[in-house]
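Visitor: Quick check, what structure comes out for this input:
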Amino acid sequence: MNSYEAKKEARIQRFKERAEKARAASQYLYKSGMDALRMIPFGQPILVGHHSEKADRSYRNRACGKVDKSFVESNKAEYYERRAEATESNHSISSDDPEAAVKLRGKIEKAESLQTIMVSANKIVRNTKMTKEEKVPELCKLGISESHSRTLLEPDYLGRLGFPGYALQNNSANIRRMKERLSSLERSASRETSETDHNGIRVVENVEENRVQIIFPGKPDSSVRSLLKSNGFRWSPMNGAWQRHLNSSGKYAAQRIIEEVSK
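Guide: Reported below is the predicted structural model:
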């Protein structure tokens, strides 16, 4: 497990812990509130004008308030559970992953292999000199299951046989997109971290962290912080910098901020 994967796992665990904490709080509040409400005799109204009215109202409000808060905590638990599930099931390749290029090459190889299989399969399917029963074992040799092979030999709802054209086009476009991204990652890997100073404000293109960072000599005022946030920058206590992903958009945003602050 590399550093990126370790951070991802830690993030999943944080979400799960927050979900468990919120779930426990919800259950406690609900039970506490309902236990308090059960202490009120069934059908007992608030005695308006009686010396007990104020205390009775306060008691009921506290009990109902706990029940209401239990639903808030329950929603919070569901939110963090969804975040944990989404993070855990997200298998997309992040540019922050130091093994991104290796993983992307693996995905490209699989996609190219699939493209070859689909093209070869369609040639077999459209071979007019072979019977269906002769085509099935040939399709199986490509790694296609027998049941899928027989499905390819039957026309779909539009009368198409084999793999439809859109499947090959989409896969081909995906291969091109991944190759372009791989080239971008390889170019990024060849760059070195650079830093420029603008009247005491440092702008760092941090290749190792894959972040463009703006470091102020002190805490910027509220208007500058609003400007940073509106341009996608977030404060990183660990790095002591305002940062966002290192890409052309991030670098342009940093340039705009420096120009605005320098006015």
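
Visitor: where does the closest residue to residue 111 other than its chain neighbours land in three-state SS?
Guide: Excluding its sequence neighbours, the residue lying closest to residue 111 (CB to CB, 6 or more residues apart in numbering) is residue 175, at 4.9 Å. Using the backbone N, CA and C atoms, a C-beta is placed for each residue, glycine as well. Per DSSP: H, G, I helix; E, B strand; the rest coil, the local secondary structure of residue 175 is helix.

Visitor: Residue 183 too?
Guide: Following three-state DSSP, residue 183 is assigned to helix.

Visitor: Could you measure from it over to residue 189?
Guide: As judged by CB to CB, to the nearest Å, residue 183 and residue 189 stand 11 Å apart.

Visitor: Identify the residues contacting the nearest residue to residue 95 once chain neighbours are set aside.
Guide: Spatially, and ignoring its direct neighbours in sequence, residue 95 is nearest to residue 210 (5.6 Å; CB to CB, 6+ apart). Taking CB atoms under 8 Å, 6 or more residues apart in numbering, we find residue 210 in contact with 95, 96, 188, 245, 246.

Visitor: Buried subset of those residues, written for PyMOL?
Guide: Filtering the contacts of residue 210 down to the buried ones (16 or more other CB atoms under 10 Å) takes a single PyMOL command:
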select buried, resi 95+246
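
Visitor: Need the contacts of residue 210 in TSV (columns: secondary structure).
Guide: What follows is the contacts of residue 210, written out as TSV (three-state DSSP):
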residue	secondary structure
95	coil
96	coil
188	helix
245	strand
246	coil
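
Visitor: thinking again about what came up before, per-residue confidence at the residue nearest to residue 111?
Guide: We have a pLDDT of 97 for residue 175.

Visitor: quick one, what contacts it?
Guide: Contact partners of residue 175, counting by CB under 8 Å, 6+ apart, are 108, 111, 112, 115.

Visitor: Beyond the strand or helix carrying residue 189, next helix or strand please.
Guide: Using DSSP states H and E, residue 189 falls within helix 165-190. Scanning forward in sequence from helix 165-190 by DSSP H and E, the next helix or strand is strand 194-198.

Visitor: tell me what the host helix or strand of residue 25 is packed against?
Guide: Element membership of residue 25, judged by DSSP H and E, is helix 3-38. The contact analysis (3 or more CB pairs under 8 Å, 6 or more residues apart in numbering; DSSP states H and E) places helix 3-38 against helix 53-89.

Visitor: now the angle from the helix it packs on to helix 3-38?
Guide: 160 degrees (axes from the mean of the first three to the mean of the last three CA atoms, to 10 degrees).

Visitor: which parts of helix 53-89 are buried?
Guide: 56, 59, 63, 66-67, 69-70, 73-74, 76-77, 80-81, 83-84.

Visitor: that older thread, check the gap between the residue nearest to residue 95 and residue 97 for me.
Guide: When distance is defined by CB to CB, residue 210 is 9 Å away from residue 97.

Visitor: next one: residue 50
Guide: The spacing between residue 50 and residue 97, counted by CB to CB, is 68 Å.

Visitor: Of those two, which one has the most company?
Guide: residue 97 (20 against 10; other CB atoms under 10 Å).

Visitor: Name all residues that make contact with the residue nearest to the more buried one when sequence neighbours are not counted.
Guide: Using CB to CB, 6+ apart and skipping the chain neighbours, the partner closest in space to residue 97 is residue 4 (4.2 Å). Residues counted as contacts of residue 4 (CB under 8 Å, 6+ apart) are 94, 96, 97, 98, 99.

Visitor: Hmm, residue 59 and residue 53 touching each other?
Guide: No. Using CB atoms under 8 Å, residue 53 makes no contact with residue 59, being 10.8 Å away.

Visitor: now stretch 213-230, how far from the centre of its chain.
Guide: A distance of 26 Å separates the centroid of the chain from that of stretch 213-230, by CA atoms, centre = their mean, to the nearest Å.

Visitor: Sweet, I'm off.
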